[in-house]
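> below are the sequence and a predicted model; questions follow.
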Amino acid sequence: MRFAKPLLVAFVLGSMVALPAHAEFDVASLKQSIETSFESEYPKLDALYKDIHAHPEIAFQEEKTAARLAAEMRAIGFEVTEKVGKTGLVALYKNGDGPTIMVRTELDALPMEEKTGLPYASRDKTIWQERETFVAHSCGHDMASWVGTAKTLVGLKDQWKGTLMFIAQPAEEVVAGARAMLADGLFTRFPKPDAGFALHSGAFPYGYVSYTVGVRSSNADGLYIKFKGRGGHGAAPQATIDPVMMASRFVVDVQSVISREKDPTEFGVVSIGSLHAGTTANIISDESVLLGTIRTFKPDVRAKMHDGIERTAKAVAAMANAPAPDIRITEGTKAVVNDAAVVATAEKVLNAAFGDKFRTAPPVTASEDFSEYIYAGVPSMFFNIGVYDPEHVAAARNGDPPLPGNHSPLFAPVPKPTIQTGVTAMTLAVLSAFDQRAKGH
């Protein structure tokens, strides 16, 4: 497949030499050239990846991680502003008149222990919610490919005009960092992007890229319910109103909202992750507290589920002749919805570059606060790259134990091919956006 101006490049011994502007280019040749350059840069990216992996930081504590990335971006030639949204950073590279294209990476890790046994596995600890915990990058972080993409695009600066806006966002794992950056003037202190991109990794073969047109991830809402009872002796329950019984009934009955009220063809999940009540075996407590998560794709399904959850909680309390429960449903983040036009432009290039390894996929049920930039008015594309040896993935599909997914203590991407796919795919996607807007579309 051929693409019109102005994106032909050649690499000579790892250096980038621009060919005349307005020449057509072959996507396959461009991909090969990017990957040749990647080989020369990879030792630095590998060191960056393993250092950050070994020393992770949780939400809004990512000071060392952000400082490391700021130094990397300044060395490439970006103008860097730190401490945007507390620990985030914004890196700009201005290259004449043209659109602003944003690329986001996420900074924070998870409060969990890594058990991969890798030489660069994290053993770091921190304080999280008033307790000491291990910290691990056990999800889809893409900081090394983010830096690699920045380096590649600067090397190709004769082939595009406009502004690169690379942002490093804190607190994605608690879906709070995007809002913090926006509240701190991300799109007022800095240019508002004409298009945005982000990627995430997943437990499928490296070298593969998956994407979706439209909804890519779920809405996320938090659930808090306190059932109020009357405490007493465990041997005399008739003299009490048992909040553990109410909580237990609710955990079961709320699933009828999913199975009987929601359209079975639409996605919706209510999961209770925490239930606390009482202090010892022979005392019926006077209250119980549940914490949960609500995930949906569509606004109407979201509203129906919120209503059903509240009705079920109130009904459970009424059946027990208990006071009305305290119910709080808090909005976490909205679904990521990929822009059809941005996807269509990138799709042509990525399909030519990756062939049958570039595939559509159904929306994922996890959530991502990259959606905050989309709802702030930035048409965007969020896509995923694989992390595991294709032979191991095939073996797992044929009966071997399943490979660990995101948020598993055993999640262990294969660094080089994963980072290479990220750099190649993101570079091509960004170039496609510059090219399309240069044509006036």
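Structure received. Quick caveat, the model's predicted, so the values are computed rather than measured. Residues are numbered from 1 along each chain as shown.

> which other residues reach stretch 172-183?
With contacts defined as Cβ atoms under 8 Å, 6 or more residues apart in numbering, stretch 172-183 is touched by 58-60, 84-86, 88, 106-110, 139, 167, 169-171, 220, 332-333, 367-373, 376. Yep, even glycine has a C-beta here, placed from its N, CA and C like the rest.

> give the contact list for the closest residue to residue 115 other than its chain neighbours.
With Cβ to Cβ, 6 or more residues apart in numbering as the criterion, residue 115 has its nearest non-adjacent residue at 4.0 Å, and that residue is residue 409. By Cβ under 8 Å, 6+ apart, the contact set of residue 409 is 112-116, 136, 138.

> same thing but 6 Å
Residues near residue 409 by Cβ atoms under 6 Å, 6 or more residues apart in numbering: 113-115.

> from these, pick the one nearest residue 225.
Nearest to residue 225 among those: residue 113, at 29.6 Å, using Cβ to Cβ.

> now do the SS call for that closest one.
Reducing the assignment to helix, strand or coil with DSSP: H, G, I helix; E, B strand; the rest coil, the entry for residue 113 is coil.

> mind listing what it touches?
Contact analysis of residue 113 by Cβ under 6 Å, 6+ apart lists 134, 409.

> please tell me how far it sits from residue 138.
From residue 113 across to residue 138, the span is 9 Å (Cβ to Cβ, to the nearest Å).

> ok, now residue 309?
As it turns out, when the distance is counted by Cβ to Cβ, residue 309 lies 30 Å from residue 138.

> which one's more surrounded, those two?
The neighbour count for residue 309 versus residue 138, taken as other Cβ atoms under 10 Å, is higher for residue 138 (26 against 22).

> so the more buried one makes contact with residue 110?
Yes: assessed by Cβ atoms under 6 Å, residue 138 is found in contact with residue 110 at 5.4 Å.

> before we move on, back to that, now, which of the contacts of stretch 172-183 lie within strands?
Among the contacts of stretch 172-183, DSSP state E puts 84, 88, 106, 167, 169, 220, 332-333 in strands.

> can I get those in TSV with neighbour count and pLDDT?
TSV is the format used below for the ones in strands among the contacts of stretch 172-183 (neighbours: other Cβ atoms under 10 Å; pLDDT from 0 to 100):
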residue	neighbour count	pLDDT
84	24	98
88	26	98
106	29	97
167	27	98
169	29	98
220	22	94
332	17	88
333	23	92
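
> dihedrals phi and psi, residue 381?
Dihedral pair for residue 381: phi -140, psi 130, per degrees, to the nearest 10.

> for it, list each beta-bridge partner.
When bridges are taken as DSSP bridges, the partners of residue 381 come out as residue 197.

> how about residue 164?
Counting by DSSP bridges, residue 164 is bridged to residue 93, residue 101.

> counting neighbours, what do you get for it?
24.

> cool, and residue 40?
When neighbours are counted by other Cβ under 10 Å, residue 40 registers 12.

> next one: whichever strand or helix holds it to chain centre, how far?
According to DSSP states H and E, residue 40 maps onto helix 27-54. Centre-to-centre, helix 27-54 and its host chain are 21 Å apart (Cα atoms, centre = their mean, to the nearest Å).

> where do the helices sit along the stretch 51-200 of the chain?
Secondary structure of the stretch 51-200 of the chain by DSSP state H, counting those that start in this stretch: the helices cover 63-76, 143-155, 177-183.

> redo these as a markdown table? Include mean neighbour count, distance to residue 229 and mean pLDDT.
Rendered in a markdown table, the data for these read as follows (neighbours: other Cβ atoms under 10 Å; distance: least, Cβ to Cβ, whole Å; pLDDT from 0 to 100):
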| stretch | mean neighbour count | distance to residue 229 | mean pLDDT |
| --- | --- | --- | --- |
| helix 63-76 | 18 | 45 | 98 |
| helix 143-155 | 25 | 48 | 97 |
| helix 177-183 | 21 | 36 | 98 |
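
> these: which one's closest to residue 385?
helix 143-155 (8.1 Å).

> identify the residues contacting that closest one?
In contact with helix 143-155 (Cβ under 6 Å, 6+ apart) are residues 16, 34, 45, 48-49, 52, 72, 76-77, 105, 164, 166, 419, 422-423, 426-427.

> how far is that helix from where the chain is centred?
Here the centre of helix 143-155 is set off from its chain's centre by 19 Å, with Cα atoms, centre = their mean.

> could you check the angle that helix makes with helix 63-76?
Using axes from the mean of the first three to the mean of the last three Cα atoms, to 10 degrees, the inter-axis angle of helix 143-155 relative to helix 63-76 is 20 degrees.

> part of a helix, is residue 315?
Yes: counting by three-state DSSP, residue 315 is located in a helix.

> which one is it nearest to, not counting chain neighbours?
Leaving aside its sequence neighbours, residue 315 sits nearest to residue 253 (Cβ to Cβ, 6+ apart; 7.8 Å).

> follow-up on the earlier one: nearest to residue 394, out of the helices of the stretch 51-200 of the chain?
Among these, if distance is taken as Cβ to Cβ, the winner is helix 143-155, at 24.3 Å.
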